[in-house]
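In: sequence and predicted model, in that order:
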Amino acid sequence: MFDMEDIFNPVSTYRVTSDYDGVRLDNCLIAKLKGLPRTRIYSIIRKGEVRVNSSRSKPSLKLKKGDIVRIPPFKSSSKTSSYSSKKDKQKIFESIIKKDKDFLIINKPVGFACHGGSGISSGVIEIIRNIDTKFKNAHLVHRIDKDTSGCLVIALRKSFLRKFHQEIRNKHVDKIYDLIVFGQWPDDIRSVNVPLSKKRSNSGEREAIVEKGGKDSLTEFQLVKSSEGFSRLRAKIITGRMHQIRAHAKYMGFPVVGDRKYGDEGLNEKTRKNGLNRMLLHASSINFRNLDIHCKADTPKVFSDIML
């Protein structure tokens, strides 16, 4: 057993450099405040303890070079808990499907969170940073859920992170997902356009709900194949809301197979008894049109097996 001594960090200010120009406030603090849990970082932002140019700010605020960020006093562990096992490092390393001096694209395995926090010691980004010193400044370009597999883009340089984020803001990115849902999806349903809001469940977890007054949310669906009890779909997200595909599938009455949050637990239990232990949602391709960067991640064999 090790005693994890706390280190007291007094109030400090940080002048944003060109490296963090265009980077979200939360991502900047996650990179800067080593040893401080991600949940605590979001807490101090939302409570207004973090100030940007003397004003309260949201986690999503895009910083600009020269901004002054006030960081409140906080205690951090003398040892960070970003431990990654050799097995996890090997699995993530082997999942790299495109490598460039400016970015990586991995076929994220199911069961890996994008980042640590909330009881998770190391996510994909922490593991990537520990694989090779060349990756020490890696940053997530976007996120996919822990229980979703597929294309995940990681920037290796801040300048390229800004390019990626510019493409996302300008809606010049195509994201395609493969999924299996329960039921017979009608071929004439080609899109779902219903607003979504973020809420906290009774357990404190975030979830997306269909709600009048929520944010515009549009998903395009294509029926690929139907079999007894299941439909295989291809989905393109036009807007990038949290859990958008899963929430829209549930709203239409065709929950994603294996989805523990939005799915049908009775039907999920039957598939688990048949050996299925994952959610059948896979980020199969991503395309940054103006950067001429596109990549496909092979869909796991289980997606075909269940349709036999």
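Out: Good, I have the coordinates.
In: burial of Ile125, as a residue count?
Out: Using other C-beta atoms under 10 Å, Ile125 has 24 other residues around it. C-betas here are computed from N, CA, C, even on glycine.
In: where does it fall, helix, sheet strand or coil?
Out: Here Ile125 is helix, with the state taken from DSSP: H, G, I helix; E, B strand; the rest coil.
In: my guess is it meets Ala138, correct?
Out: Yes: using C-beta atoms under 8 Å, Ile125 is in contact with Ala138, at 6.2 Å.
In: need the residues touching each of these two.
Out: By the contact definition C-beta atoms under 8 Å, 6 or more residues apart in numbering, Ile125 and Ala138 are jointly contacted by Ile154.
In: quick one: Val257 from His282, how far?
Out: 12 Å (C-beta to C-beta, to the nearest Å).
In: same thing with Ser191?
Out: Using C-beta to C-beta, we find Ser191 at a distance of 20 Å from His282.
In: ok, now His115?
Out: 20 Å.
In: more crowded one of those two?
Out: His282 (26 against 17).
In: identify the bridge partners of that one.
Out: Judged by DSSP bridges, the bridge partners of His282 are Ser149, Asp178.
In: okay, it: pLDDT?
Out: Note on His282: pLDDT of 98.
In: now do the contacts for it.
Out: Contact analysis of His282 by C-beta under 8 Å, 6+ apart lists 148-150, 177-179, 297, 299-300, 303.
In: if we go to 7 Å?
Out: Listed by C-beta atoms under 7 Å, 6 or more residues apart in numbering, the contact set of His282 reads 148-150, 177-178, 299-300, 303.
In: phi, psi of His294?
Out: Phi and psi for His294, reported as degrees, to the nearest 10, are phi -140, psi 150.
In: check contacts around the closest residue to His243 other than its chain neighbours.
Out: Leaving aside its chain neighbours, His243 sits nearest to Ala208 (4.3 Å; criterion: C-beta to C-beta, 6 or more residues apart in numbering). Shown in contact with Ala208 (C-beta under 7 Å, 6+ apart): 196, 198, 241-244, 247.
In: go again using 8 Å as the cut-off
Out: By C-beta under 8 Å, 6+ apart, the residues touching Ala208 are 196-199, 241-244, 246-247.
In: just the residues you listed: which are in strands?
Out: Those of the contacts of Ala208 mapping onto strands are 196-199, per DSSP state E.
In: Ile106 sits in which helix or strand?
Out: Using DSSP states H and E, Ile106 sits in strand 103-108.
In: derive a PyMOL selection command for the buried subset of the contacts of Ala208.
Out: Buried subset of these, written as a PyMOL selection, criterion 16 or more other C-beta atoms under 10 Å:
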select buried, resi 196+197+241+242+243+244+246+247
